[in-house]
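>>> build me a structure from this.
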Amino acid sequence: RDRHRDRESGSLFVLSPMKTNKSIKAKITSGKKQAGADVTSATPAPARRLPKKTAVTKKKTKQTETTRGSKSSTNKARGTPPKRKPVKRRRRPSVSPETVNAVFSRFAEIEPEPKGELEHTDAYTLLVAVVLSAQATDAGVNKATRQLFAAADTPEKMVRLGEDRVRELIKTIGLYRNKAKNVIALSQKLIDEYQGAVPQDADALESLPGVGRKTANVVLNVWFGQPTMAVDTHVFRIAHRLGFSKGKTPEQVEADLLAIVPKEYGVPAHHWLILHGRYLCKARKPECWRCPVVDLCPYKDKTPAPRQ
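Numbering: from 1, shown residues only. Purely as a prediction, here's the structure:
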């Protein structure tokens with residue numbers, strides 16, 4: 001083996017034909033890396049170009065954003081509200097139209113002109129009677145309104161009568177304190193906004209104090225002859241038992257009934273359903289043995305005839 005000295009440092013090192021010193025290799029590789037780093041720092045890498053497609057899509061997105069912004073700004077300037085989502089239509093009940101027609105035709109044969117049981121003389125007294133009938137029987141309301149309407153049967157007379165006196169006259173009815181307050185308030189609103197007349201519009205009626213959707217439907221149907229459907233506990237029960245509706249709310253049942261009731265029975269239909277539920281198809285023990293539509297009714301838990 002030949003020994004040589006490094007001319008610059010003077011250190012002694014050995015050259016081996018079979019094995020190279022690791023330190024020499026490390027020095028060589030580090031030198032190469034450093035040289036490469038100098039080269040890369042001296043010459044900056046060329047900037048990457050975006051593909052043409054991405055550039056086009058960016059332009060398109062910018063254009064769509066600007067167009068959307070302009071549309072929204074124009075809508076705001078015009079004051080037009082945004083488009084509402086379409087309301088999903090309820091499924092038609094499984095009962096056939098022939099069955100529905102047969103049910104109401106039988107009701108029409110038994111009672112051609114059904115009438116409500118609340119006593120009234122005009123639209124105003126009917127409105128007050130229906131407002132007082134909430135959570136009360138018709139017989140109890142009639143007993144109270146006979147004295148009330150004898151003292152005041154117009155909005156002007158009712159306001160002059162006063163809330164205290166109205167409260168005394170209807171104290172036999174449940175929730176009479178709140179009802180007396182509503183009667184005076186709705187009478188005053190009729191005077192201020194409708195010249196003392198009862199409006200023939202559902203929205204206007206529901207804006208009156210103490211008047212809800214059912215009350216408005218009763219007034220529109222009974223006095224003004226409109227084909228509305230006032231859904232109370234009887235109508236709700238009968239609609240489910242006859243298979244006319246599967247709705248879980250009065251509004252859903254109302255929509256189902258209005259969709260299937262024939263037009264010729266549109267006005268008296270809600271009277272027939274109320275009377276049928278009040279006197280025959282009762283909540284606990286329906287009197288199925290004397291029901292005129294028992295053969296058309298899909299209700300399973302039918303009550304058998306009592307033993308004699």
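
>>> hey, let's count contacts and neighbours off CA atoms from now on
Fine.

>>> pLDDT below threshold where in the stretch 1-150 of the chain?
Applying pLDDT under 70 to the stretch 1-150 of the chain picks out residues 1-93.

>>> please redo it, this time with the cut-off set to 50
1-29, 32-43, 53-88 (pLDDT under 50).

>>> the stretch 201-308 of the chain too?
In the stretch 201-308 of the chain (pLDDT under 50), no residue qualifies.

>>> how about the helices in it?
202-206, 213-222, 233-241, 250-260, 269-279 (DSSP state H, counting those that start in this stretch).

>>> of all those, which one comes closest to Ser133?
Nearest to Ser133, of all the helices of the stretch 201-308 of the chain, is helix 213-222, at 9.3 Å by Cα to Cα.

>>> ok and that closest one relative to helix 250-260, angle-wise?
Orientation note: helix 213-222 sits at an angle of 30 degrees relative to helix 250-260 (axes from the mean of the first three to the mean of the last three Cα atoms, to 10 degrees).

>>> packing partners of helix 213-222?
helix 123-132, helix 202-206 (3 or more Cα pairs under 8 Å, 6 or more residues apart in numbering; DSSP states H and E).

>>> out of the helices of the stretch 201-308 of the chain, which is the most enclosed?
Highest mean neighbour count among those (mean count of other Cα atoms under 10 Å): helix 213-222, with a mean of 22.

>>> list the contacts of Thr145.
Glu119, Ala129, Leu169, Ile170 (Cα atoms under 8 Å, 6 or more residues apart in numbering).

>>> just to revisit the earlier point, how about TSV for the helices and strands packed on helix 213-222, with distance to Gly212 added?
TSV is the format used below for the helices and strands packed on helix 213-222 (distance: least, Cα to Cα, whole Å):
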stretch	distance to Gly212
helix 123-132	9
helix 202-206	5
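
>>> between those, which gets nearest to Thr249?
Of all the helices and strands packed on helix 213-222, helix 202-206 comes closest under Cα to Cα, at 18.2 Å.
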